[in-house]
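Colleague: fold the following, please.
(one chain, ligands or ions: 1)
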Amino acid sequence: MKAKKYVLTEQEMPRQWYNIMADMPSPMEPPLHPGTGQPCGPDDLSPIFPMNLIEQEMSTQAFIDIPEEILDKYAIWRPSPLFRAYSLEKALDTPAKIYYKNEGVSPAGSHKPNTAIAQAYYNKIAGTKKITTETGAGQWGSALSMCCSFFGIECKVFMVKVSYNQKPYRRLMMETWGANCTPSPSNETRAGRSILEKDPDSPGSLGMAISEAVEEAVSADDTKYALGSVLNHVMIHQSVIGLEAVKQMKMAGDYPDVIIGSAGGGSNFAGLAMPFARDKIAGKEIDIIAVEPASCPTLTRGPFAYDFGDTVQMTPLLPMHTLGHNFVPAPIHAGGLRYHGMAPIVSKLVMDGIVRAESVQQMETFEAGLTFARSEGYISAPECNHAVAMTIREALKAKEEGKEKTILFNWSGHGLVDLGAYESYFQGKLSDHDLPQDVIDAALKDIEGLPKPKQTK
Ligand SMILES: Cc1ncc(COP(=O)(O)O)c(C=O)c1O
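Modeller: Now for the predicted structure:
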């Protein structure tokens, strides 16, 4: 019998995270204070994050020890298995070898608990009593709810309204883990009320929900804010995925020619890709592809610029690819990919030519999800189907070129709480979303007056 999956023991779980900022070809540009436009110091971030996470955010140490308490919780779902997708290969009749890292095995169903557990832990030891956050499709909100419950921290989640209505079971998961989940924009914050005044029917966006969560966090000393993606410390925590995959690919006796991950804020993609990107920086040839929705094409059509992480301009300015903080993406079912910005680490890797980006339309992602489910069995989250769709494109390209490529992709989460999206697809209610250039140009007008990064290419 051929090996189908590569499984590490708990003893083989990585004991350190990897921080690619130590190995970047040139240093990252700093976040800027939203009021002064000057580089942010640790004290500027302390109203929203505990100091231990701020230290990681600014760290250039290559390897950071994972505390024992976090390893104990990781052991619930880690190490995650690496699969060889023989049946998908057969269905596509491709010479490519396809591997996927299954991050859907966590209790919340995605990679998000890898950082949620770390953020809850560091907040706990810093004395935080309550954490506020935003969530798109609910994967991050449910992950943080679970992890806050492990450490006895109160959790308040602002969930993007369109997803709140599309995915009632995610809200119930959050409530089961003891969190409070509110649709955003809401009347509970000044930010929410100002958005509703302009557009009472706003479907919400991650940028809006972040404004609400940050506002609530800064209003009390013992309350902090947690972000499920984008920031450097989140990418560092997610590196556990790639570090395991490096060992598992060795077990399989292979090394990837192509690495693929879906990119919303960039964390599951970076988590898998960064340890391999380290090899690429050192000279190895790998094609590393971040995949985003054509309706929210941050990396493929947005400029590299300084922009706010939220709609109401409360967060620091980050150097990143962006569609502008007021950009409201079409209400696609991949709610976790509806974000106007991108992780500064991923943006920098794209600027430096280490990573490239592609976009796919919604219908192609659902078709890919069905091909995957009907061959490999697992039903993917709509976000994850973006990686599946790109993998299928690359596998078919390998067939056309007659090349035996090795493809590794991140299966970032299951779609068992997203079956409503599949139902809409079966009923013919879903469509592609074209995004005219003038809509992007109009949204980018709002960042024209902001400081510019030094790196332009
Ligand atoms: C299953 C899944 N994959 C991918 C993403 C995209 O987020 P990120 O780019 O931070 O990995 C999300 C976000 O909610 C998600 O739930």
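
Colleague: what's near enough to touch G283?
Modeller: For G283, the contact set (Cβ atoms under 8 Å, 6 or more residues apart in numbering) is empty. C-betas here are computed from N, CA, C, even on glycine.

Colleague: secondary structure element for it, which one?
Modeller: In this structure, G283 is located outside every helix and strand according to DSSP states H and E.

Colleague: phi, psi for it please.
Modeller: phi 120, psi -10 (degrees, to the nearest 10).

Colleague: and if you look at E134?
Modeller: Dihedral angles (degrees, to the nearest 10) for E134: phi -110, psi 160.

Colleague: burial of the closest residue in space to it that isn't next to it in sequence, as a residue count?
Modeller: Once flanking residues are discounted, E134 sits nearest to A209: 3.3 Å by Cβ to Cβ, 6 or more residues apart in numbering. Neighbours of A209 under the rule other Cβ atoms under 10 Å: 31.

Colleague: what sits against the residue of the stretch 251-400 of the chain found nearest the ligand?
Modeller: At 2.1 Å from the ligand, G336 is the closest residue in the stretch 251-400 of the chain, using Cβ to the nearest ligand atom. Going by Cβ under 8 Å, 6+ apart, G336 touches G136, A137, Q139, W140, G264, A381, E383.

Colleague: now those residues as JSON lines including neighbour count and pLDDT?
Modeller: Shown next, in JSON lines, are the contacts of G336 (neighbours: other Cβ atoms under 10 Å; pLDDT from 0 to 100):
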{"residue": "G136", "neighbour count": "28", "pLDDT": "90"}
{"residue": "A137", "neighbour count": "31", "pLDDT": "86"}
{"residue": "Q139", "neighbour count": "34", "pLDDT": "95"}
{"residue": "W140", "neighbour count": "33", "pLDDT": "96"}
{"residue": "G264", "neighbour count": "31", "pLDDT": "96"}
{"residue": "A381", "neighbour count": "28", "pLDDT": "97"}
{"residue": "E383", "neighbour count": "29", "pLDDT": "96"}
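
Colleague: ok so, going back, next one: the helix or strand containing the residue nearest to E134 to chain centre, how far?
Modeller: Assessed by DSSP H and E, A209 sits inside helix 206-218. Here helix 206-218 is found 18 Å from its chain centre; the criterion is Cα atoms, centre = their mean, to the nearest Å.

Colleague: just stretch 212-230 next, same as before
Modeller: The answer for stretch 212-230 is 18 Å, by Cα atoms, centre = their mean.

Colleague: just stretch 346-355 next, same as before
Modeller: For stretch 346-355 - counting by Cα atoms, centre = their mean - the centre lies 16 Å from the chain centre.

Colleague: same check, this time on stretch 197-204
Modeller: 25 Å.

Colleague: buried residues of it, list them for me.
Modeller: S202, P203, G204 (16 or more other Cβ atoms under 10 Å).

Colleague: check stretch 118-130 too.
Modeller: A118, Q119, A120, Y121, Y122, N123, K124, T128, K130.
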